[in-house]
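# Give the three-dimensional model of this entry:
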Amino acid sequence: MTEPSNIQDILNLYIIPWGINIIMALAIFVIGRWLAGILLKLTDKMLQKSGMDKMLVDFVHSILNALLLLFIIIASLDQLGVDTTSFIALIGAAGLAIGLALQGSLQNFASGVLLIVFRPFKVGHFIEAAGVSGVVEEIGIFSTRLKTGDNREIIVPNGAIYDGTITNNSARDTRRIDMVFGIGYDDDIRQAKTIMQSLLDADERVFKEPAALIAVAELADSSVNFNVRPWVKSSDYWAVKFDFTEKLKLAFDDAGISIPYPQMDLHINKTE
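Now for the predicted structure:
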């Protein structure tokens, strides 16, 4: 190739081709960003119509936007004649290294996405998971925040929640209260059942249907045990349980019905 001898040769060999490549690269970038914006809007609308959680919609939007921007930049650099093969390999290696370093965090992230998509619980539900229990205050991408009954805050990694058993006490509108009460063997079983039934009938929070169960469940060592199982609204569970327990104790006291407790007879042998 001969050296350019005049300005026209310089223009033809360098400035004009580079100028065209730069203009084309800018066009690819601008048009690519415009098309990416349209695609992101369509994706957001589609995800919102499907009922997906807003947090997950925003997260998908951010990830897709970053991937599209990376693709547009690589296409623009390729138009300028930059070798993007090594650049792509470098990005892949960096991604692998970051993935290995953040393996635990990625597990929590994946679990967070699954929790948001499948919704085994929602904000405001009382759950038991990962060995703790509380009211869900926030479901994040990496962790879930719970508030305990004594107003403590617990941050639980999503991986620990999703990999274990989740008990959602608020998922259903109604719950059954399972209670066990014992009376003495000398007390009147029929009278005890009548008192229990009258207390349940007097409480408007207890459902008539399905009817509450009152049954002799066990003839124990020192007591006759009853299973008492009324149905209530989930929001009334603890209030009804506490109220019934207190009122039953007072009613048994008034009726002279005893509630046995473990006792031990101690015999002392005197030696001369």
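# quick one: the strands in this structure?
Applying DSSP state E to the chain gives strands spanning 126-129, 132-139, 143-147, 153-157, 167-168, 174-176, 179-183, 213-219, 224-229, 231-233.
# Relative to residue 58, which of these is closest?
Proximity to residue 58 (Cβ to Cβ) singles out strand 132-139 among these, at 13.4 Å. For glycine as for every other residue, the C-beta is placed from the backbone atoms N, C-alpha and C.
# Save the strands of the chain as a markdown table, and put in mean pLDDT and distance to residue 89 too.
Output for the strands of the chain, formatted as a markdown table (pLDDT from 0 to 100; distance: least, Cβ to Cβ, whole Å):
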| stretch | mean pLDDT | distance to residue 89 |
| --- | --- | --- |
| strand 126-129 | 95 | 42 |
| strand 132-139 | 92 | 37 |
| strand 143-147 | 93 | 34 |
| strand 153-157 | 95 | 33 |
| strand 167-168 | 95 | 46 |
| strand 174-176 | 96 | 57 |
| strand 179-183 | 96 | 66 |
| strand 213-219 | 96 | 68 |
| strand 224-229 | 97 | 65 |
| strand 231-233 | 97 | 60 |
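# okay if I get those strands as CSV plus distance to residue 79?
Compiled in CSV, these are given as follows (distance: least, Cβ to Cβ, whole Å):
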stretch, distance to residue 79
strand 126-129, 51
strand 132-139, 43
strand 143-147, 43
strand 153-157, 44
strand 167-168, 54
strand 174-176, 64
strand 179-183, 75
strand 213-219, 77
strand 224-229, 74
strand 231-233, 65
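# could you dump those to CSV with mean neighbour count?
Output for those, formatted as CSV (neighbours: other Cβ atoms under 10 Å):
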stretch, mean neighbour count
strand 126-129, 20
strand 132-139, 17
strand 143-147, 20
strand 153-157, 15
strand 167-168, 14
strand 174-176, 15
strand 179-183, 18
strand 213-219, 13
strand 224-229, 18
strand 231-233, 18
